[in-house]
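Enquirer: Quick one, what's the 3D model for this:
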Amino acid sequence: MIQPSTTSSPSSAARTYRKWMGAALLTGALAAVTGISGCVLAQPVASKKVPLDMPASLQISPQRLQSHVRALSEDFLGRSFDQPETLQKAAEYIAAELAQSGLKAERQRFEVDGRSYENLIVRFGPVDSSAPLLVMGAHYDSALTEHDHGAAVSAGAKPTPQTHTPGADDNASGVAGLLELARVLAASPPTQPVELVFYTLEEPPNFRSDDMGSYRHAKSLQDSGRAVRLMLSVEMIGYYSDAPGSQSYPLAPLGWFYPDQANFIALIGEMKNFGAMRHTKALMRASSDESQPLGVYSLNSPRFVQGVDFSDHLNYWRLGYPAIMVTDTSFMRNPHYHQSTDTWDRLDYQRMAQVVRMLAAVALDKG
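Expert: Okay, here's the model as predicted:
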């Protein structure tokens, strides 16, 4: 072993070299650990066989999906916390569309700063069942384009595309998916209890607060002692691209194991929900239309990874329920995220229909 000199100090160049080498080795080690962990947690080759109990006649309509997204993003511009009247009109649209499928929505109302907001809930399966509940939810509010959210409230400004996003992908796409799923489940009821929930107040400034609609719903389940087998947050399911390099990731090494084309649907869950993720992904993969297959990739991740808790599933995690986000990965691929350009004509309704078919497979699962 070479002992360090006691009579002289290393040169500046030597110190710089050692720091550089140390940083490079540390970065390489972290990248390797992250990459290996990503490979394990993504289960890139895991696809167990599962039986599907889906009607052969099951058809998801891309046309209906487009119609819902266009109506929500164009007719209800300003579906944000500072425009409770517009949010209420959007809620009425959702309730009316559910009624067209023969479904009556329960309204879960609450107040924030003296203003009234509401979630809408529809239930399927055995009414008196004590079996654990499957929850699928999507938020129907949309974001402001302004950075200063408080200014929009105090000004009471009339919504415009420059101040309030159309929110086609975020998250009219998720709402449209649940509306189409509701139509399917009304015709082919599941054998296990299922709730579809349309949340209000997901976007800032209410995000991460107890005023989120999803927190109010999750807390009501906890207060009633209702067991939840799984919650799926349907968050942005409409934007896809086959262009090389169109998909990015919060940690670069994850790109070693996932596609660089934004042409798949992603499932994001906590580390401890590994089993639920594996089963859900298997159901979704098995139900993919063989003529137009859509890839399904998953990640069980620590919460510190950017974006993994950026939706309503966060509140179910907070209260101890297993939850997974179903997403097109949002700003990791969609350059129109929280912009005035998040419009209905930029979405892929054929692939959206594939995702809804996959959600139906999960809802109809008897396991």
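Enquirer: Can you give the distance of the helix or strand containing R109 from its chain's centre?
Expert: Assigned by DSSP states H and E, R109 belongs to strand 106-112. Relative to its parent chain, strand 106-112 has a centroid offset of 22 Å by Cα atoms, centre = their mean, to the nearest Å.
Enquirer: Paired strands for that strand, with orientation please.
Expert: strand 115-124 (antiparallel) (DSSP bridges).
Enquirer: What residues of the strand it pairs with count as buried?
Expert: Y117, E118, N119, L120, I121, V122, R123, F124 (16 or more other Cβ atoms under 10 Å). Glycine gets a C-beta too; all of them are placed from N, C-alpha and C.
Enquirer: what's near enough to touch the fourth one?
Expert: This points to L120. By Cβ atoms under 8 Å, 6 or more residues apart in numbering, L120 lies in contact with A91, I94, A95, L98, A105, E106, R107, Q108, V197, F198.
Enquirer: hang on, the earlier thing: who touches the strand holding R109?
Expert: Contacts of strand 106-112 (Cβ under 8 Å, 6+ apart): 81, 91, 95, 116-123, 201, 206, 211, 213, 216-217, 220.
Enquirer: mind running it again at 6 Å?
Expert: Strand 106-112 is contacted from outside by E118, N119, I121, D211, R216, using Cβ atoms under 6 Å, 6 or more residues apart in numbering.
Enquirer: Could I get the CA-only coordinates of it as CSV?
Expert: Output of strand 106-112 as CSV, limited to C-alpha atoms (Å, rounded to 0.1, in the frame of the first residue of the first chain):
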residue,chain,number,x,y,z
GLU,A,106,-73.8,9.7,-7.0
ARG,A,107,-72.5,13.2,-6.3
GLN,A,108,-69.9,13.5,-3.6
ARG,A,109,-70.1,17.2,-2.8
PHE,A,110,-67.7,19.3,-0.7
GLU,A,111,-66.7,22.9,-0.2
VAL,A,112,-63.3,24.6,-0.6
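Enquirer: what pLDDT, on average, does that strand get?
Expert: Strand 106-112 shows a mean pLDDT of 97.
Enquirer: do the same with stretch 192-212
Expert: Mean predicted confidence for stretch 192-212 is 97.
Enquirer: Save the contacts of strand 106-112 as TSV, and put in distance to F274 too.
Expert: What follows is the contacts of strand 106-112, written out as TSV (distance: Cβ to Cβ, whole Å):
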residue	distance to F274
E118	35
N119	29
I121	29
D211	31
R216	29
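Enquirer: Taking these together, which two end up most distant?
Expert: Taking Cβ to Cβ as the measure, the contacts of strand 106-112 span a maximum distance of 17.8 Å, between I121 and D211.
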